[in-house]
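In: prediction below, plus the sequence it came from.
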Amino acid sequence: MKKGSGKNLLISLITVGIIVAAWFIVTSTGSVSELFIPKPSSVWKAFINAVNDGYKGSTLFKHLGTSLQRLMIAYLICVVTAVPLGLLSGYNSRIRAVLEPIIEFYRPLPPLAYYTILTLWMGIDESSKLALLYLAGFAPIYISCVAGVVRIKEDYINGAKTLGANKRQIFFYVIFPAALTDVFTGLRTALGVEYTTLVAAEMVAATAGIGWMVLDASKYLRSDVVFMGVIIMGITGILLDQLIRLIERKVIHWKGRS
Amino acid sequence: MSDDWKEKLYEPEGELIKVDSVGYEERTELIEIDSVDLDYAGKTGSIKALENIHFNIFPGEFVCVLGPSGCGKSTLLKIIAGFIKPTSGAVRLDGKEIEGTDWHRGVVFQNPPLYEWYSVRSNISFGPKMRGLPKSEYEPLVDEYIAKVGLTEFADKKIYELSGGMKQRVSIARALINDPEILLMDEPFGALDALTRESVQDLTRKIWWDTGKTIFFITHDVEEALLLASRVIVLSRHPGKVIDDIRVNFSRQIIEDGADDIKFTPEFYKYRERLLKLINGQRTEQDK
Ligand SMILES: Nc1ncnc2c1ncn2[C@@H]1O[C@H](COP(=O)(O)OP(=O)(O)O)[C@@H](O)[C@H]1O
Ligand SMILES: [Mg+2]
């Protein structure tokens, strides 16, 4: 742990505390309409309501679960395809030459732009949503895997050759572990990008999902539900990121220590 | 292996033995560096890094290559290792032209590219494991080599727990366990502090003497070359050419007579002056 990180955590907590306190104070005066900033108590009520009775047919956990399920399916497919393809592309410039133009082209596009094409091709159901999330997550993983391999010092690979390793062994025993730090950077970025794309994905023809819940509530000016949903999404996002960091620390035990 | 090679290295005894004046012809070389040129492609045309390098390395020799920085020492080592091909000429091992990299030539790099994700033990067993030797065969070897480089207590440590000197020891053991025909070392101790350097030099010298392994060792440190080598080759700067090739026996004296203070003998001084003058001459020519 870095020096002074305990102090920094305290500072961060104070920031959060001030914002929450400001929220209480501003709303308690009644000078701001609940439409713009609902009272903490209303948001809490909306939360309890959504947990117990649900919002539009599904409980809060059902909404969250639906979203997370979409996220996880797309993410898993991403991981099992983008990691090997990225690593191979870093190792073999021919493979990279095949894939790079495609990725360079769609990566800077706003997801909603190609979502319309995806719905055209795949319909408005689940599959186009998954495809959207998949594409959003693929690029960051692929790109950091390529970078991770390209960055490996030549001596690592030459060293392995002088010890008798063949190309396949070099890939599995040297390239893969050496690139793992970058792989994880990609995995974290991808999860973040997919998560932010989730709301966009649930804008079209969804009947459940945390993103859909927020969008739907905004149509009916239910600010309390919107605020509650956004807070839940924020917290879930932080937890997911922490989960990946935890896995990273377990897997790359040597990170930052050499 | 028989100890003949030791005698042959130093025969006939004498002062400042020029290698080309000695009857090497009767012996079969291990490595033949045959008129090697190497040009690197640079921005403004090609850069000649090595010009007409031509010498043989005989079994059991401890060859130190000396030369100012940038004179092409690493380039020569990379050619022998098979990382790069000479622009013209050829390098042969046991009469066969070297094509590509394999485990018959072990390499110890200046910054040891050890695998941080493995322990000391797994780094050392990497070679035999990749070559598909059965575990029962290499497991005892691993322990033997760990002991040889004095790391028995650190066998299960992770790489990041080791000091620079220990890392070089792992690196040496890792290359040696494959029993390569020659050990190529590229300024392996350049980054170490003086005390650590001395201890790994002693280790290297001892391993060389005990195993009879042929060693090709690059350094820019004249003393290091004299303390280790059985033969010193000096490369000139830009392009690298062989400008001196002498046999020395200080390392043998250190081993056989425990001559720790050999550095302070007039003999050592003489050789040191000779080599320094050669190298410094190169340097001033360049700087003028
Ligand atoms: N990959 C390369 N491309 C172009 N020039 C190089 C390359 N590697 C080395 N050189 C040049 O070749 C010369 C010899 O380099 P090197 O063999 O590393 O020298 P040394 O090991 O003696 O310091 C230097 O001038 C260096 O700049
Ligand atoms: Mg060098």
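Out: Sure, I can see it. Numbering: from 1, shown residues only, chains lettered A, B, ... in the order given. Ligands and ions are numbered 1, 2, ... in the order given.
In: only C-alpha atoms from now on, for both contacts and neighbour counts.
Out: Noted.
In: residue 53: neighbour count?
Out: Since you didn't name a chain, this refers to chain A. 13 (other C-alpha atoms under 10 Å in any protein chain shown).
In: think we crossed wires, I meant chain B
Out: 19.
In: that one contacts residue B:35, doesn't it?
Out: Yes: using C-alpha atoms under 8 Å, residue B:53 is in contact with residue B:35, at 5.1 Å.
In: just give me the longest helix of the chain.
Out: Chain wasn't specified; assuming chain A. helix A:60-91 (DSSP state H).
In: that's the other chain; I wanted chain B
Out: Every helix in chain B considered (DSSP H), the longest is helix B:266-287.
In: dump that helix to CSV, restricted to CA.
Out: Coordinates of each C-alpha in helix B:266-287 appear next as CSV, following Å, rounded to 0.1, in the frame of the first residue of the first chain:
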residue,chain,number,x,y,z
PRO,B,266,53.7,-5.8,-11.9
GLU,B,267,52.7,-8.5,-14.3
PHE,B,268,49.0,-7.6,-14.0
TYR,B,269,49.9,-4.0,-14.2
LYS,B,270,51.7,-4.5,-17.5
TYR,B,271,48.7,-6.2,-19.1
ARG,B,272,46.4,-3.7,-17.7
GLU,B,273,48.4,-0.8,-19.1
ARG,B,274,48.6,-2.4,-22.5
LEU,B,275,44.8,-3.0,-22.7
LEU,B,276,43.9,0.4,-21.3
LYS,B,277,46.2,2.1,-23.8
LEU,B,278,44.6,0.3,-26.6
ILE,B,279,41.1,1.1,-25.5
ASN,B,280,41.8,4.7,-24.5
GLY,B,281,43.6,5.2,-27.8
GLN,B,282,40.3,4.3,-29.4
ARG,B,283,38.4,6.7,-27.3
THR,B,284,40.6,9.7,-28.0
GLU,B,285,40.6,9.1,-31.7
GLN,B,286,36.9,9.2,-31.6
ASP,B,287,36.6,12.3,-29.4
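In: what residues does that helix touch?
Out: Applying C-alpha atoms under 8 Å, 6 or more residues apart in numbering or on different chains, the contact partners of helix B:266-287 are B:16, B:67-68, B:222-223, B:226, B:234, B:236-237, B:250, B:262-263.
In: now with 10 Å, please.
Out: B:15-16, B:66-69, B:71, B:220-223, B:225-227, B:232-238, B:243-244, B:246, B:248-250, B:262-263 (C-alpha atoms under 10 Å, 6 or more residues apart in numbering or on different chains).
In: distance from the chain centre to it, please.
Out: How far helix B:266-287 lies from its chain's middle: 21 Å, per C-alpha atoms, centre = their mean, to the nearest Å.
In: still on that earlier bit, show me the contacts of helix B:266-287 that map onto strands.
Out: B:66, B:232-235, B:243-244, B:246 (DSSP state E).
In: out of those, grab the one that's most surrounded.
Out: Top of the ones in strands among the contacts of helix B:266-287 by neighbour count (other C-alpha under 10 Å): residue B:66, with 28 neighbours.
In: for the host helix or strand of residue B:55, buried residues please.
Out: According to DSSP states H and E, residue B:55 maps onto strand B:45-57. Within strand B:45-57, the residues scored as buried using 16 or more other C-alpha atoms under 10 Å in any protein chain shown are B:48-57.
In: residue A:50: which of these is nearest?
Out: Checking these against residue A:50 by C-alpha to C-alpha gives residue B:49 as the nearest, at 74.2 Å.
In: and the closest one, what does it touch?
Out: Contact analysis of residue B:49 by C-alpha under 10 Å, 6+ apart lists B:37-40, B:70-73, B:75-76, B:237-241.
In: which of those residues are buried? Put it as a ChimeraX command.
Out: Restricted to buried positions by 16+ other C-alpha under 10 Å, the ChimeraX selection for the contacts of residue B:49 reads:
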select /B:37,38,39,71,72,73,75,76,237,238,239,240,241
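In: count the neighbours of residue B:41 for me.
Out: 10.
In: ditto for the one 3 residues further on
Out: The burial count assigned to residue B:44 is 6, neighbours taken as other C-alpha under 10 Å.
In: for it, give me its contacts.
Out: Per C-alpha under 10 Å, 6+ apart, neighbours of residue B:44: none.
In: stretch B:149-163 close to chain A?
Out: Yes: Stretch B:149-163 lies within reach of chain A by C-alpha under 10 Å from any C-alpha of the partner chain, at B:158-162.
In: ok, back up a step: between the ones in strands among the contacts of helix B:266-287, which sits nearest chain A?
Out: residue B:66 (21.9 Å; C-alpha to the nearest C-alpha).
In: hmm, back to that, wondering if the longest helix of chain A reaches chain B at all.
Out: No: using C-alpha under 10 Å from any C-alpha, helix A:60-91 stays clear of chain B, with a minimum separation of 16.8 Å.
In: off-centre distance for that helix?
Out: Centroid displacement of helix A:60-91 relative to its chain, using C-alpha atoms, centre = their mean, is 9 Å.
In: contacting residues around the nearest residue to residue A:233 once chain neighbours are set aside?
Out: Closest residue to residue A:233 apart from its sequence neighbours, by C-alpha to C-alpha, 6 or more residues apart in numbering or on different chains: residue A:210 at 7.5 Å. With contacts defined as C-alpha under 10 Å, 6+ apart, residue A:210 is in contact with A:60-68, A:198-199, A:202, A:216, A:226, A:229-230, A:232-233.
In: what's the ChimeraX line that selects buried ones from those?
Out: Applied in ChimeraX, the following selects the buried portion of those according to 16+ other C-alpha under 10 Å:
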select /A:60,62,63,64,66,67,68,198,199,202,216,226,229,233
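In: and the strand holding residue B:55, average pLDDT?
Out: Averaging pLDDT along strand B:45-57 gives 88.
In: per-residue pLDDT, whichever residue of the stretch 101-250 of chain B sits closest to ligand 1?
Out: Residue nearest to ligand 1 within the stretch 101-250 of chain B (C-alpha to the nearest ligand atom): residue B:238, separated by 7.0 Å. Among the per-residue scores, residue B:238 holds a pLDDT of 79.
In: how near is the nearest residue to it once chain neighbours are set aside to chain A?
Out: On the basis of C-alpha to C-alpha, 6+ apart, the spatially nearest residue to residue B:238 that is not a chain neighbour turns out to be residue B:71, at 5.6 Å. In this view, residue B:71 and chain A are 20 Å apart by C-alpha to the nearest C-alpha, to the nearest Å.
In: isn't residue B:71 up against residue B:218?
Out: No: using C-alpha atoms under 10 Å, residue B:71 makes no contact with residue B:218, being 11.4 Å away.
In: and after the helix or strand bottoming out on mean pLDDT in chain A, which helix or strand comes next?
Out: Using mean pLDDT, DSSP states H and E, helix A:111-122 stands out as the lowest-scoring helix or strand of chain A, at a mean of 89. Per DSSP H and E, the first helix or strand lying C-terminal to helix A:111-122 is helix A:126-150.
In: perfect, that will be all.
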